[in-house]
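**Student:** here is a sequence together with a model predicted from it:
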Amino acid sequence: MAFSFKTLIAILCSMMLFLVTGENTPAAKANSPLRTAMQATGAQLAEWSINGWVKLPSGELTDTQLGEIIEQTMRELGCPQDYKLKREESAKYKVLQAEGLVRGIQVVTIVRIVAGLNNPGEKESFLVINATSKAEGNDSIENIQDQIDKIIKKNGPAPQITTCLIGWLDGKLKDREWCDALQSAFKAIDAQVMDKIETQHFASYTGFSPGIINRVQVGDQKINLNMAIRYSQYDNRTYITIGSPIITREY
């Protein structure tokens, strides 16, 4: 469950989406509608991930301040002190990343300093926390979500959390069966499909469910549900990813 550069890019793209929309909503509990939607597809829940992020009040941070934020966050998450640190820096950004295990859950904390979105001459800082684990009971996902929620809320205004569930079905679905699986998932939680992409090897649906609190404004529409399905020849499985309000991981 390596935390890849592509995953970081997905998270940063979602951050830009939230910044543009300006939405500030509480975290959606993953256990209820998302799990119900996954069950409706017939897929076996295999993995989950939670991503929380917040813009920090201070734009430019010193190396000492970066280290202090990382250390405090990992401590509050309950991570042992043997976590791995990684630093990257260029003329455009500075990143300090810590990666460790908390009760079998992979936790990655990132502090990133970049040029301002509206004013490139000014720096902006962000705290990102990502937790990923195999699906082993309901308590772990709820507990770590609450921890991340508390941490990001106290570190700055307008914190955001996204939740993703990953499941799989044996073999390759035939014809339009995978589109039917996504439609069944939307129907199970009274969700409306607002946009979709369907190809021979991949499908992605985006929409809105009144049963999910989390949401983001895209143009004149509010969305809080994103589902994707694809087939993997490597292990002969069809993978389904369900995210709220959007998917913030590779799929």
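**Tutor:** Thanks, I have it.
**Student:** helix or strand: which one has Gln183?
**Tutor:** helix 177-188 (DSSP states H and E).
**Student:** er, Trp53 actually
**Tutor:** strand 44-55.
**Student:** tell me the buried residues in stretch 37-56?
**Tutor:** Residues of stretch 37-56 classed as buried: 37-38, 40-41, 43, 45, 47-56 (neighbour count, 16 or more other Cβ atoms under 10 Å). From N, CA and C alone the C-beta is placed, and that goes for glycine too.
**Student:** do the same with stretch 196-206
**Tutor:** Buried residues in stretch 196-206 (16+ other Cβ under 10 Å): 203-206.
**Student:** and what of stretch 244-251?
**Tutor:** 244-249, 251.
**Student:** same check, this time on stretch 213-232
**Tutor:** In stretch 213-232, counting by 16+ other Cβ under 10 Å, buried: 214-216, 218, 222-231.
**Student:** which two among those are spaced furthest apart?
**Tutor:** Lys222 and Tyr231 (30.8 Å; Cβ to Cβ).
**Student:** circling back to that earlier point, return the member of the buried residues of stretch 37-56 nearest to Arg176.
**Tutor:** Thr41 (13.8 Å).
**Student:** which residue, other than its chain neighbours, is closest to that closest one?
**Tutor:** Leaving aside its sequence neighbours, Thr41 sits nearest to Ala181 (Cβ to Cβ, 6 or more residues apart in numbering; 4.3 Å).
**Student:** the strand holding Trp53 pairs with which strands?
**Tutor:** For strand 44-55, the paired strands and their directions (DSSP bridges) are strand 123-134 (antiparallel), strand 160-170 (antiparallel).
**Student:** please name whichever of these is nearest to Leu117.
**Tutor:** It's strand 123-134; of the strands paired with strand 44-55, that one is closest to Leu117 (Cβ to Cβ) at 6.8 Å.
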